[in-house]
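*Asks:* sequence first, then the predicted structure:
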Amino acid sequence: MTNSSRHLNNAAMTVQGAVVSMQDRRSYKPNLRALAQGQLRAAREAKGQSREEFADLLSTMLGWPVNAEAVEGWESIATPPGDVLVAAELITRQARPGLADGDPGDALSQIVGDQFADLVGVFGSRSEFHSKMPISELLDNAKEIQACGLSLNFLCQTYSEARLRELIENGTTLHALFLKPYGRSIAEREREEGHPPQFLSALTAMNLTIIQERVADRLSPEARQRLKFAVYDEPIRFNVLIVDKQVCVAQPYLPDVRGVDSPTFLVRKRRVSGGLYGTFEQVFMNMWERREEQ
């Protein structure tokens with residue numbers, strides 16, 4: 001056994017200088033009911049409320065009536081239900097310094113804000129998004145563009161070919177990933193959206209021709225190294241555009257709904273890790289690693 005393995009196997013808690021291995025206490029079982037009761041009681045005490053007041057607050061949050069007798073039972077005899085424990089956690093967070101007091105929704109807003117602080121806009125469709133933020137505003141000053149989706153019309157049909165070539169010549173890097181024309185996954189998507197066979201394949205093949213002949217083939221040899229495009233043949237789940245590793249535009253592909261009609265999320269990177277930005281960035285990176293070169 002190595003020293004590191006020995007340290008891991010002896011992972012323990014130190015009590016007054018004694019090291020007690022938890023592996024030697026396999027029969028230990030925490031009293032989860034008591035822990036749940038304590039969590040509820042701690043939430044009420046953090047608010048400084050009586051059981052009657054706390055019951056009223058729980059009723060507001062849960063949407064069903066709670067009385068003081070029920071609170072007393074959950075604190076001392078019975079195991080609190082799961083939704084009550086979730087409410088207790090929200091209340092505990094609400095009671096911490098810096099959080100608003102009074103409206104139960106304040107705590108929920110704080111938690112959602114903490115987890116999704118990088119989500120700065122939600123739009124009902126791609127067209128609604130582009131009406132408020134044209135693709136030119138996203139790409140005109142970009143130094144790095146990463147995109148994956150189906151046909152990438154925003155890149156090959158909406159944005160100027162000349163401007164795209166100019167960006168790449170001036171140092172911009174572009175990685176683009178298209179759903180493989182005439183492949184299995186694009187055929188499934190055609191059926192799902194109700195298109196004739198090869199409808200989306202023809203559109204995607206045309207866009208690949210545009211990116212090859214009108215952009216790549218007209219670049220200088222040095223600039224051509226900054227343009228990479230490929231295909232993939234997997235069930236399509238998201239359209240993702242990432243600009244300068246700071247801004248992400250993402251759309252889910254929903255059943256029976258065209259991509260252009262799907263909700264669109266605007267995300268700005270605000271954290272080192274986590275959040276929605278990290279999720280969508282990982283989606284792109286994983287797909288790019290599985291790409292088929294053109």
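*Replies:* Nice, thanks for sending it over.

*Asks:* for this structure, which spans come out with low pLDDT?
*Replies:* Filtered on pLDDT under 70, the chain yields the residue ranges 1-30, 93-117, 271-274.

*Asks:* can you show me the strands along it?
*Replies:* Assigned by DSSP state E, the chain shows strands spanning 12-15, 18-21, 119-123, 144-148, 173-179, 227-232, 238-243, 247-252, 264-268, 292-293.

*Asks:* can I get those in TSV including distance to L167 and mean neighbour count?
*Replies:* The C-beta positions use only the backbone N, C-alpha and C, and glycine is treated the same way. As requested, the strands of the chain are exported to TSV (distance: least, CB to CB, whole Å; neighbours: other CB atoms under 10 Å):
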stretch	distance to L167	mean neighbour count
strand 12-15	57	10
strand 18-21	60	10
strand 119-123	24	15
strand 144-148	8	21
strand 173-179	8	22
strand 227-232	10	19
strand 238-243	11	22
strand 247-252	16	21
strand 264-268	21	21
strand 292-293	22	10
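
*Asks:* just tell me which of the ones you listed ends up closest to E89.
*Replies:* Nearest to E89 among these is strand 119-123 (21.7 Å), distances taken as CB to CB.

*Asks:* tell me the strands beside that closest one, with direction?
*Replies:* Next to strand 119-123 in the sheet, as set by DSSP bridges, lie strand 264-268 (antiparallel).

*Asks:* identify all contacting residues around the partner strand.
*Replies:* With CB atoms under 8 Å, 6 or more residues apart in numbering as the test, strand 264-268 has contacts from 118-126, 128-129, 133, 246-251, 275-277, 280.

*Asks:* show me what contacts S136?
*Replies:* 159-160, 163.

*Asks:* mind redoing it with 10 Å?
*Replies:* Counting by CB atoms under 10 Å, 6 or more residues apart in numbering, S136 touches 130, 158-160, 163.

*Asks:* kindly report the same for D118.
*Replies:* D118 neighbours (CB under 10 Å, 6+ apart): 247-248, 265-271, 274-280.

*Asks:* one more: V283?
*Replies:* Counted by CB under 10 Å, 6+ apart, V283 has contacts 148, 237-238, 240, 242, 248, 250.

*Asks:* from the contacts of D118, which is closest to E75?
*Replies:* Closest approach to E75 among the contacts of D118 (CB to CB): G274, at 34.1 Å.

*Asks:* so what's Q198 closest to, chain neighbours aside?
*Replies:* Once flanking residues are discounted, Q198 sits nearest to Y182: 6.8 Å by CB to CB, 6 or more residues apart in numbering.

*Asks:* give me phi/psi at R291?
*Replies:* As for R291, its main-chain torsions (degrees, to the nearest 10) stand at phi -70, psi 160.

*Asks:* grab the nearest non-local neighbour of it.
*Replies:* Once flanking residues are discounted, R291 sits nearest to A230: 3.7 Å by CB to CB, 6+ apart.

*Asks:* could you check how far that neighbour is from E53?
*Replies:* 61 Å (CB to CB, to the nearest Å).

*Asks:* got the contacts of V283 as CSV, with distance to L138 columns?
*Replies:* Shown next, in CSV, are the contacts of V283 (distance: CB to CB, whole Å):
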residue, distance to L138
C148, 15
R237, 22
F238, 17
V240, 13
I242, 10
C248, 10
A250, 13
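
*Asks:* which of the residues you listed sit farthest apart?
*Replies:* Largest separation among the contacts of V283 by CB to CB: R237 and I242, giving 15.7 Å.

*Asks:* and the end-to-end length of stretch 265-278?
*Replies:* 14 Å (CA to CA, to the nearest Å).
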